[in-house]
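**Student:** here is a sequence with its predicted model. Questions after.
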Amino acid sequence: MTRGSIFVISAPSGAGKSTLIKRLIARMPELSFSVSYTTRAPRAQEEDGSDYNFVSRKVFERMVRRDEFVEWAEVYGHLYGTAQKPLRAAQEKGRDILLDIDVQGHAQVRRRLPEAVSIFILPPSFQELARRLRDRHSDAEEEIERRLNTARGEIAHWPEYDYVVVNDLKKDATQALEVIVRASRFRRHTQAAQVEKIIGTFGG
Ligand code: ADP
Ligand code: 5GP
């Protein structure tokens, strides 16, 4: 059986990451989404257990002490983290799993799981990013300013990623993500078990 791959997707807030991930999973239902833990309050439309696991700072800090996270970071004043257990379970079942995490989290995953495939999503411009954040109507103006100020520092990390996708038209960007996921399934180490089996049939 081929081993499940881990996909890390990062982008400045408002670039359209959540939108693209939802579209990608609709096209590829075999992909699992890693539901992060966060101390941030839920937005309207967000569901506990499916968008995030919303927890108190106390619960989050206890999970940190128990080493339950593969990675965690403070982003825009809140704590966010990826639990180890579901990630391992998906990999062992041969399921591909997608992580929507920030650049600090990506750096930690890279160190611990160097086989992960990473994708950085860029908006077409700073002006378009600002427009998307404002049109989303999910954050107060002060919070939007904070996210825009952080964006410049975040995009400086793009060279650490395997792939870069510009989210101009949703359709094209979703297709680009699909192509990356499909191609990654043919990477050498993902195929190793199957190749060994075939080589075994050659004898000698
Ligand atoms: P993120 O998860 O990166 O913070 P969202 O997925 O919430 O971003 O997208 C931010 C806003 O931009 C949403 O209102 C979304 O509908 C919109 N959006 C996403 N992708 C595009 C696109 N390609 N063109 C125009 N608007 C987009
Ligand atoms: P938002 O509050 O807009 O949902 O997310 C804010 C930022 O936190 C985004 O950059 C998102 O990728 C990041 N994020 C979400 N979950 C995690 C996580 O589990 N770990 C880390 N490091 N970042 C996360």
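**Tutor:** Cool, the structure landed. Owing to the predicted nature of the structure, the values given are computational and were not obtained by experimental measurement. Ligands and ions are numbered 1, 2, ... in the order given.

**Student:** residue numbers of this structure in contact with ligand 2?
**Tutor:** When proximity is defined by CB under 6 Å from any ligand atom, the chain lies next to ligand 2 at 10, 13, 36, 40, 71, 73, 75-76, 80-82, 100-102, 104-105. Glycine gets a C-beta too; all of them are placed from N, C-alpha and C.

**Student:** return the member of those residues nearest to Y52.
**Tutor:** Nearest to Y52 among these: S36, at 5.5 Å, using CB to CB.

**Student:** so what does the helix or strand where R147 lies touch, helix or strand wise?
**Tutor:** Following DSSP states H and E, one finds R147 within helix 141-155. On a contact count with 3 or more CB pairs under 8 Å, 6 or more residues apart in numbering; DSSP states H and E, helix 141-155 meets helix 126-136.

**Student:** list the buried residues in the helix it packs on.
**Tutor:** 129-130, 132-133 (16 or more other CB atoms under 10 Å).

**Student:** that one - contacts with which helices or strands?
**Tutor:** Helix 126-136 packs on helix 141-155, going by 3+ CB pairs under 8 Å, 6+ apart.

**Student:** helix or strand right after the helix it packs on?
**Tutor:** Assigned by DSSP H and E, the successor of helix 141-155 is strand 163-166.

**Student:** after that following strand, heading C-terminal, what element do we hit next?
**Tutor:** Per DSSP H and E, the first helix or strand lying C-terminal to strand 163-166 is helix 170-184.

**Student:** what does that next one contact?
**Tutor:** The contact list for helix 170-184 (CB atoms under 8 Å, 6 or more residues apart in numbering) reads 5, 7, 9, 16, 19-20, 23-24, 27-28, 31, 96, 117, 119, 121, 163, 165-167, 190.
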